[in-house]
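S.K.: fold the following for me, if possible:
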Amino acid sequence: VPQPTQMAPLPAPGRESGIRIGRRTLLGLGAAVVAAAVVVGLVIADPFAGPLPDGWKTHDLGDRVGVSLAVPEGFVKDKPAEDADGTVASFTDPSGMVRIETDRDLKADDKDDKIPASASEQAFAHWNELKDGEFSWGIADTPAPQGRPRETTYKEQDAATNTIVFTTTTTPPLEREAQVLYYRNADGDMYRLWVVYPAKGYFADDGREIARTVFDTWDVHKR
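M.R.: Numbering: from 1, shown residues only. Reported below is the predicted structural model:
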């Protein structure tokens, strides 16, 4: 298993106005990979109905994060940043290959009314911020990130998804694939789930399989 790439430390996501994204979710993964992956839309239906794969465990992340999800055995829950407000939780494989993050923007804290009115608006706004590269997030502009936001459903309610393929600004550059789900509940809270893994190579299929199961088990407490 390749060793995690050495990168400058970056703060974990906190409560910021507007669009927010976990920096370590995009950067903190190992294994050098090249080329692109096909953009794939996701349809999120009901929570995972069957038994979990061997070694997986469901975690209820509490009222602030507001969701539960399952992760594979061995994944470690990341320590939150000192200024974190408790609405973000993430898990990383010790090898650095795969990272899972779920976050929530609370409508009650949205004093400037910056949370979009729908999940699809959030997905498109987020993509517009990233599609030409974003150096502050370590996303290279060449080659340009690939992605296409799509409307979908989550438990028969409106949601949105995107599969983003991007190259990091590190040396050597690393190619990543991120599957993202956006969901806005009846209270106006915006939820987002990220799963990031190598975009190509032996571990890419493993990453996509992990992402499928995480998405299937992701359960928002208040819909």
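S.K.: show me the helices in the chain, by range?
M.R.: 23-27, 62-65, 119-130, 202-217 (DSSP state H).
S.K.: just those: most buried one?
M.R.: helix 23-27 (a mean of 22; mean count of other C-beta atoms under 10 Å). Where you see a C-beta, it was placed from the backbone N, CA and C, and this is true even at glycine.
S.K.: where does this structure have its least confident helix or strand?
M.R.: helix 23-27 (a mean of 48; mean pLDDT, DSSP states H and E).
S.K.: if I look at Glu121, how far off is Ala159?
M.R.: 12 Å (C-beta to C-beta, to the nearest Å).
S.K.: which residues does the spatially most central residue of the chain bridge with?
M.R.: Taking C-alpha atoms, centre = their mean, the centroid of the chain lies closest to Trp194, which sits 1.1 Å from it. Trp194 forms beta bridges with Glu101, Val180, as assigned by DSSP bridges.
S.K.: correct me, but it touches Ala178?
M.R.: Yes: using C-beta atoms under 8 Å, Trp194 is in contact with Ala178, at 5.9 Å.
S.K.: confidence score at Ile21?
M.R.: pLDDT, Ile21: 44.
S.K.: how about the one 10 residues further on?
M.R.: Per-residue confidence for Ala31 comes out at a pLDDT of 32.
S.K.: any idea how far the closest residue to Gly86 other than its chain neighbours lies from Ser120?
M.R.: The shortest distance from Gly86 to any non-neighbouring residue, by C-beta to C-beta, 6 or more residues apart in numbering, is to Arg64 (3.8 Å). From Arg64 across to Ser120, the span is 25 Å (C-beta to C-beta).
S.K.: and if you look at Gln179?
M.R.: Taking C-beta to C-beta, one finds Gln179 at 16 Å from Ser120.
S.K.: would you map the strands across the protein?
M.R.: Taking DSSP state E as the test, the strands found in the chain are 57-60, 67-71, 76-77, 88-92, 99-105, 150-154, 157-167, 175-184, 190-198, 219-220.
S.K.: make a markdown table out of these and add distance to Asp141 and mean pLDDT.
M.R.: Listed next are those as a markdown table, based on distance: least, C-beta to C-beta, whole Å; pLDDT from 0 to 100:
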| stretch | distance to Asp141 | mean pLDDT |
| --- | --- | --- |
| strand 57-60 | 36 | 96 |
| strand 67-71 | 32 | 97 |
| strand 76-77 | 32 | 96 |
| strand 88-92 | 26 | 97 |
| strand 99-105 | 22 | 96 |
| strand 150-154 | 23 | 96 |
| strand 157-167 | 9 | 96 |
| strand 175-184 | 14 | 96 |
| strand 190-198 | 19 | 96 |
| strand 219-220 | 34 | 97 |
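S.K.: so for Asn128, which of the ones you listed sits nearest?
M.R.: strand 157-167 (11.3 Å; C-beta to C-beta).
S.K.: check which residues of the closest one are buried.
M.R.: By 16 or more other C-beta atoms under 10 Å, the buried positions in strand 157-167 come out as Ala159, Ala160, Thr161, Asn162, Thr163, Ile164, Val165, Phe166, Thr167.
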